[in-house]
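Engineer: Test case, fold it:
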Amino acid sequence: MKMTVLKKMPVVALLVTLFATESAFSGGFKIPDQSTRAMGMIDAFVAGADDASSVYYNPAGLTHLTGPEVIGNIYFAHGITYYDGVEGSETSDGRYYTVPSFYFATPVKGLDNWFFGVGVYSPYGLGSMWGDGNDLRYDSTLSEIELININPSIAWKVNDKLSLGAGINYFESRVKMRNKVMNPPGEPDGEQDIDADGDGWGYNIGLQYQATDTVRLGLGYRSQVTVSYDGDMQLDQVAVPAMGFPWYKLTYLRSGLDADIEYPQVVAGGIMWQATQKLRLELAAEWQQWSTRETQDFTLKGSPPYISAGTTSMPTRWEDSWLIMLGGEYAVNDKWTVRAGYGFNETPVPGETAEPSLPTGDTHALALGTGYKWTDKLTVDVATIVAYAEERTISDPDGGANGSDYSGEYDALSFYVSVGFRYQF
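Structural biologist: Sure, this is the predicted structure:
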């Protein structure tokens, strides 16, 4: 006799919602903060990109370099999600994440007006953790994604007004997910663990146009990247049918698992205004095409006779979203620069498919930053962001059939700090 061990198949829920509720200001599980300097301006750095981190923000910005330079950043993220609903009130076990990034860029010797750069950074990831003893443990206790992008780029200064850039993206990623499995009364909870990794390829292009002496326009595009994940689903101490009394036994099961996750194509645009010699402002917008995630397919290789092999398609119905950013920086003197910004991000996850892994609504964020020119070659930057995800009510379509009903109201508060340096040779 065959038995579906997981009443709700939580692996589907976690793959559908993806893995980053608590610690991503941008939509879905995208991390927009890839430079401490830009983060201080809420990442409004498309038209104004002009250092080695242009590899990420807009590769055309590499044409502003006057010599080789390196940029390094350490990004710290912490977030807490609040739940109030059918199962009572819960607070997620807010985790602390540390994410480094590194860029190198230089003019190309012997090729006038050509520039090269490379970046190693994490454009998607982070995670959420609800803990083993909370009321939502049958839906999710841990969901986490790690992703590294290696992004070599080139740029060409066509003339004094127009610059173009392009890059290749190689994603290498790992996902980890965990939840409890409800067993018969009197038995301790079982546990399900997912661990899978994969990679994928994409590209990005950018353009900058100096419209006037004080106004610059920027446009960037990132292609969709499909990462094919391959890994295992393991279930420990879960009840399966048995002869005699009791009618079940607790056992260990393991099945291979495959899933493709589509990281969306992104279009970004910005307009930068050099208001004075010391003050510059930028208004930027980013469109993220999450609507391609209409469904999420996954394949289980099976663990006969209890887990059947096969492919399942689950509806997600994600929607395209917008990220709006307004930021600027002001040179106080030859040593100090201060920065600030405000950002608004639509959630791509509709209420009908939201779950504890990604439950909250649209997000508002405030950024502050500063830079200190330590020497003629070395600048040190610090930035921080506080983000609030609006409260929204979601409903469990299964009504708690898997042991817990996650219906209720959710909101979240996240904090980010980044420290970085820029060294110009």
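Engineer: where along the stretch 51-200 of the chain do the strands fall?
Structural biologist: Assigned by DSSP state E, counting those that start in this stretch, the strands in the stretch 51-200 of the chain fall at 69-85, 88-91, 96-107, 114-121, 126-129, 142-157, 162-181, 190-210.
Engineer: Lowest average confidence across those, which one?
Structural biologist: Note on those: lowest mean pLDDT is at strand 126-129, with a mean of 68.
Engineer: re the thing from before, with residue 302 as the reference, name the closest of the strands of the stretch 51-200 of the chain.
Structural biologist: Nearest to residue 302 among the strands of the stretch 51-200 of the chain is strand 190-210 (15.3 Å), distances taken as Cβ to Cβ. All C-beta atoms are positioned from the backbone trio N, CA, C, and that covers glycine.
Engineer: returning to what we had before: which one of the strands of the stretch 51-200 of the chain is the most hemmed in?
Structural biologist: strand 126-129 (a mean of 25; mean count of other Cβ atoms under 10 Å).
Engineer: measure the residue nearest the centre of the chain to residue 193 for me?
Structural biologist: The centre of the chain sits closest to residue 30, judged by Cα atoms, centre = their mean, with a distance of 2.5 Å. Noted for residue 30: a distance of 25 Å to residue 193, by Cβ to Cβ, to the nearest Å.
Engineer: Quick one, which of the strands of the stretch 51-200 of the chain gets closest to residue 55.
Structural biologist: Proximity to residue 55 (Cβ to Cβ) singles out strand 114-121 among the strands of the stretch 51-200 of the chain, at 3.8 Å.
Engineer: what's the closest one packed up against?
Structural biologist: With contacts defined as 3 or more Cβ pairs under 8 Å, 6 or more residues apart in numbering; DSSP states H and E, the secondary structure elements packing on strand 114-121 are helix 54-57, strand 96-107, strand 142-157.
Engineer: Could you take those and lay them out as TSV, with extra columns for distance to residue 376?
Structural biologist: Shown next, in TSV, are the helices and strands packed on strand 114-121 (distance: least, Cβ to Cβ, whole Å):
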stretch	distance to residue 376
helix 54-57	21
strand 96-107	18
strand 142-157	24
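Engineer: So which of these is nearest residue 123?
Structural biologist: strand 142-157 (5.4 Å).
Engineer: Show me what the closest one is packed against.
Structural biologist: For strand 142-157, the elements it packs on are helix 54-57, strand 114-121, strand 126-129, strand 162-181, strand 190-210, judged by 3+ Cβ pairs under 8 Å, 6+ apart.
Engineer: Hey, what's the angle from that strand to strand 190-210? Just curious.
Structural biologist: 20 degrees (axes from the mean of the first three to the mean of the last three Cα atoms, to 10 degrees).
Engineer: partners of strand 142-157, with directions?
Structural biologist: If you go by DSSP bridges, strand 142-157 pairs up with strand 114-121 (antiparallel), strand 126-129 (antiparallel), strand 162-181 (antiparallel).
Engineer: next one: that strand to chain centre, how far?
Structural biologist: Distance of strand 142-157 from the chain centroid (Cα atoms, centre = their mean, to the nearest Å) equals 11 Å.
Engineer: Please export the C-alpha coordinates of it as PDB.
Structural biologist: Provided in PDB are the C-alpha atoms of strand 142-157 (Å, rounded to 0.1, in the frame of the first residue of the first chain):
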ATOM      1  CA  LEU A 142      13.800  27.100   8.200                       C
ATOM      2  CA  SER A 143      14.000  28.300   4.600                       C
ATOM      3  CA  GLU A 144      17.300  29.600   3.200                       C
ATOM      4  CA  ILE A 145      18.900  30.300  -0.100                       C
ATOM      5  CA  GLU A 146      22.500  31.000  -0.900                       C
ATOM      6  CA  LEU A 147      23.500  32.300  -4.300                       C
ATOM      7  CA  ILE A 148      26.700  33.700  -5.700                       C
ATOM      8  CA  ASN A 149      27.000  35.500  -9.100                       C
ATOM      9  CA  ILE A 150      30.300  35.800 -10.900                       C
ATOM     10  CA  ASN A 151      29.800  38.800 -13.300                       C
ATOM     11  CA  PRO A 152      32.600  39.800 -15.800                       C
ATOM     12  CA  SER A 153      31.700  42.900 -17.700                       C
ATOM     13  CA  ILE A 154      33.000  45.300 -20.400                       C
ATOM     14  CA  ALA A 155      32.100  48.900 -21.300                       C
ATOM     15  CA  TRP A 156      32.700  51.200 -24.200                       C
ATOM     16  CA  LYS A 157      32.600  54.900 -24.100                       C
END
